[in-house]
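Engineer: Here is a sequence with its predicted model. Questions after.
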Amino acid sequence: MLRFIYEAYDVSGAKLQGEINSIDERAAAKQLIDQNLIVVSLVKESESNEMGSFFSRNRVSAEQVEYLTTELSLLLNAGVTIDKGLGILRRNSVSPGQSRLIGHLHDAVRRGQTLSDAMAEREDVFSPLYLNLVKLGETSGNLPDIFSRLSADLKFQSELKGKVVQALIYPGVIFTVCILCIFFVFNYIVPQMSSLFEGVSEIPFYTAMLLSLSAWMINYQWYLLLCLILLFGALYSSARSPSMSAQLDTILAGLPGVSGMILLVERVRFNTALAMMLASGILIDRSLDMALGSVKNSQIKQTLVAARDRVKKGGQLSMALRNSPIYDDFSMSLVEVGEESGDLPSVFQEISIRARRDFEVKVDRMTALLEPALILVMGGIVGGVVVVMLLSIVSVNDVGL
């Protein structure tokens with residue numbers, strides 16, 4: 001089956017964009033005509049996206065998936081059928097990637113395909129956890145409630161990601177300004193000052209070091225920039241490799257301060273997913289299996305895989321999770337209470353809420369410490385260069401006297 005990208009108008013005159021699967025272009029056009037659509041353009045996806053797939057405008061972002069989930073939740077809870085709801089969202093979509101995604105889902109549902117199967121064809125957009133919950137909602141007939149929970153979870157994850165990004169923006173800006181100041185000083189200020197030392201037989205060692213460092217920077221700074229770009233590219237490629245990603249996780253886990261942040265983030269992710277699974281009526285072993293997909297750190301994931309296997313063999317949940325580093329003593333006491341009371345969903349939700357609160361406190365504390373530290377570093381480097389320049393000028397005057 002081939003996938004085609006089309007633009008068409010419906011009977012009301014609304015412009016539609018989407019995807020359709022068919023054996024060839026003629027069959028795809030016939031399918032669209034059978035849906036009472038006036039086809040404007042129909043292009044095979046490989047041809048239409050030969051260069052366009054590189055740009056983010058043709059991709060579906062996490063924010064767009066959150067929008068789709070939230071709007072579907074509202075429409076389904078209002079009593080709108082799934083195909084009609086997708087049709088409404090299709091007419092209101094603004095970005096090309098979102099329009100194509102909703103168009104693909106709408107066409108598939110109208111052809112009689114289930115929504116979960118249609119979403120499964122876009123595994124690059126929807127996570128296994130998302131797909132399993134949608135399939136569960138279709139089976140149980142509780143799809144509106146499932147989309148409400150998915151919407152809340154996606155908003156939660158988006159806020160968590162935003163909190164991390166917000167915490168890194170200010171230190172990143174200060175660090176960038178520091179680097180730019182250093183480049184400016186060594187490329188413009190120090191070279192202009194070097195004319196003061198022409199004809200001077202002996203200059204202080206710190207002045208010679210400053211001038212040599214400036215000359216080296218001017219001659220090799222582009223090579224240095226290229227090496228940094230290659231280094232970041234290599235790190236990015238390595239992070240996508242399972243073996244290198246595991247080594248990177250080991251390095252991050254050993255960094256003071258960072259390891260605690262990673263534990264809290266993974267605690268939030270895993271417990272949020274687990275609470276949602278259990279609240280949807282999924283058995284504990286299956287819930288553990290599905291919630292594992294939300295964990296990113298390979299070391300933590302291995303401990304949770306071992307806990308899942310132990311539960312599948314009949315082990316007690318609290319005893320199985322005790323060996324995982326994302327559960328502290330207080331969290332384990334809550335899990336034990338949840339096992340006794342039979343209210344595990346609310347327990348895991350409470351653990352997630354507490355972990356998120358602790359994470360926000362640590363992020364605020366880290367940001368408060370990083371701000372003055374980076375300012376001191378920037379001031380120390382730039383101030384040190386200024387002091388060396390002043391001492392050098394004074395030494396020249398002494399020699400002249």
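Structural biologist: Structure received. These figures come from a predicted structure and were not determined experimentally. Numbering: from 1, shown residues only.
Engineer: what about the stretch 301-401 of the chain, any weak spots by pLDDT?
Structural biologist: 396-401 (pLDDT under 70).
Engineer: cool, and the chain?
Structural biologist: The chain contains residues with pLDDT under 70 at 1, 13-14, 45-59, 94, 199-201, 238-249, 252-257, 396-401.
Engineer: Which helix or which strand is home to the residue nearest the centre of it?
Structural biologist: With distances taken as C-alpha atoms, centre = their mean, residue 161 lies nearest the centre of the chain, 6.7 Å away. Using DSSP states H and E, residue 161 sits within helix 143-184.
Engineer: Kindly report the same for residue 228.
Structural biologist: Following DSSP H and E, the helix or strand that holds residue 228 is helix 205-239.
Engineer: Give me the helices and strands touching that helix, please.
Structural biologist: Judged by 3 or more C-beta pairs under 8 Å, 6 or more residues apart in numbering; DSSP states H and E, helix 205-239 is in contact with helix 190-193, helix 242-253, helix 344-400. Glycine gets a C-beta too; all of them are placed from N, C-alpha and C.
Engineer: Buried ones in the first one, by neighbour count?
Structural biologist: Taking 16 or more other C-beta atoms under 10 Å as the basis for neighbour counts, the residues of helix 190-193 that come out buried are 190, 193.
Engineer: Quick one: distance of stretch 133-140 to the chain centre.
Structural biologist: Centroid separation for stretch 133-140 versus its chain: 26 Å, with C-alpha atoms, centre = their mean, to the nearest Å.
Engineer: can you check stretch 108-121 too?
Structural biologist: With C-alpha atoms, centre = their mean, you get 27 Å for stretch 108-121.
Engineer: Next, the buried residues of it.
Structural biologist: Neighbour-count burial for stretch 108-121 flags 108-109, 113, 115-116, 118-119, 121 (criterion: 16+ other C-beta under 10 Å).
Engineer: how near is the residue nearest to the centre of the chain to residue 167?
Structural biologist: When distance is defined by C-beta to C-beta, to the nearest Å, residue 161 is 11 Å away from residue 167.
Engineer: returning to that earlier point: between helix 344-400 and the helix holding residue 161, find me the angle.
Structural biologist: When axes from the mean of the first three to the mean of the last three C-alpha atoms, to 10 degrees is applied, the directions of helix 143-184 and helix 344-400 differ by 10 degrees.
Engineer: what is the orientation angle of helix 143-184 with helix 205-239?
Structural biologist: 160 degrees.
Engineer: any idea whether residue 8 is helix, strand or coil?
Structural biologist: Put simply, residue 8 is strand when judged by DSSP: H, G, I helix; E, B strand; the rest coil.
Engineer: which ones are touching it?
Structural biologist: Contacts of residue 8 were listed using C-beta atoms under 8 Å, 6 or more residues apart in numbering, and they are 15-16, 32, 37-40.
Engineer: by contact count, what packs against the helix holding residue 161?
Structural biologist: The contact analysis (3+ C-beta pairs under 8 Å, 6+ apart) places helix 143-184 against helix 62-77, helix 128-140, helix 258-279, helix 344-400.
Engineer: Among these, which comes closest to residue 301?
Structural biologist: helix 258-279 (8.4 Å; C-beta to C-beta).
Engineer: What residues sit buried inside that closest one?
Structural biologist: Here helix 258-279 shows 261-279 as buried, counting by 16+ other C-beta under 10 Å.
Engineer: same question, stretch 290-301
Structural biologist: Across stretch 290-301, burial judged by 16+ other C-beta under 10 Å covers 290-295, 297-298, 300-301.
Engineer: want to throw the residues you listed into JSON lines with secondary structure and distance to residue 388?
Structural biologist: Formatted as JSON lines, the buried residues of stretch 290-301 follow (DSSP: H, G, I helix; E, B strand; the rest coil; distance: C-beta to C-beta, whole Å):
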{"residue": "290", "secondary structure": "helix", "distance to residue 388": "60"}
{"residue": "291", "secondary structure": "helix", "distance to residue 388": "57"}
{"residue": "292", "secondary structure": "helix", "distance to residue 388": "55"}
{"residue": "293", "secondary structure": "helix", "distance to residue 388": "55"}
{"residue": "294", "secondary structure": "helix", "distance to residue 388": "52"}
{"residue": "295", "secondary structure": "coil", "distance to residue 388": "50"}
{"residue": "297", "secondary structure": "coil", "distance to residue 388": "44"}
{"residue": "298", "secondary structure": "helix", "distance to residue 388": "46"}
{"residue": "300", "secondary structure": "helix", "distance to residue 388": "47"}
{"residue": "301", "secondary structure": "helix", "distance to residue 388": "50"}
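Engineer: Taking helix 62-77 as reference, get the angle to the helix holding residue 161.
Structural biologist: Using the same axes, to 10 degrees: helix 143-184 against helix 62-77 is 160 degrees.
Engineer: For residue 24, give me its contacts.
Structural biologist: Residue 24 makes contact with residue 2, according to C-beta under 8 Å, 6+ apart.
Engineer: With residue 157 instead?
Structural biologist: 62, 269, 272.
Engineer: What separation do you get for the last one and residue 218?
Structural biologist: The spacing between residue 272 and residue 218, counted by C-beta to C-beta, is 52 Å.
Engineer: can you check the first one too?
Structural biologist: Between residue 62 and residue 218 the computed distance is 43 Å (C-beta to C-beta).
Engineer: For the two, indicate the residue with more neighbours.
Structural biologist: residue 218 (15 against 12; other C-beta atoms under 10 Å).
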